[in-house]
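>>> sequence and predicted model, in that order:
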Amino acid sequence: MELSQEKVKHVKEWLDKHWTGDHNCPICKSNVWQIVGMVYEIARFTTEPTTAKTVFPIVNIVCQTCAYTMSFNALVIGVVEQQQKQEPVAVPQPHVAANTDARIEERQKQEPVAGGKP
């Protein structure tokens, strides 16, 4: 999602209020930062077979000297609103017949082996 100029200004004001101390980059020590005018998402990693993911909207600021990037929660900053919780969508699983391994073993016992007895 692209940030309007008004929301970029809101991010800058939020950073000015909350970022205390020096504003030097922890990598190169520069203090030239740019607010990226987009909201990105970070998704929670899961091994569960689902399309329902927990995502966190973030706003990035980037050091203009070395490209070090800091991310801030866009909900906390107030540039996006919490959306209504959506119900997870089930992902269809491939159909696997019950006892497939047992059925294969049984069939192998019944079929003659080439050049030998069953």
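Looks like it came in fine.
>>> what lies in contact with the top strand by length along the chain?
For the chain, the longest strand by residue count, based on DSSP state E, is strand 33-43. Applying CB atoms under 8 Å, 6 or more residues apart in numbering, the external contacts of strand 33-43 come out as 1-3, 8, 11-12, 15, 23, 25, 53-64, 71, 74, 79-80. C-beta coordinates here come from the backbone N, C-alpha and C atoms, glycine included.
>>> in strands, which of the residues you listed fall?
55-63, 71.
>>> wait, which of those residues is closest to Thr47?
Val55 (16.7 Å; CB to CB).
>>> now Thr46. Nearest residue, chain neighbours left out?
Lys53 (6.9 Å; CB to CB, 6 or more residues apart in numbering).
>>> burial of that neighbour, as a residue count?
Using other CB atoms under 10 Å, Lys53 has 12 other residues around it.
>>> wait, it sits on Phe45?
No - between Lys53 and Phe45 there is no contact under CB atoms under 8 Å: 9.1 Å.
>>> which parts of the longest helix anywhere in the chain are buried?
For the chain, the longest helix by residue count, based on DSSP state H, is helix 5-18. For helix 5-18, the neighbour count (16 or more other CB atoms under 10 Å) marks 7-8, 10-11, 14-15 as buried.
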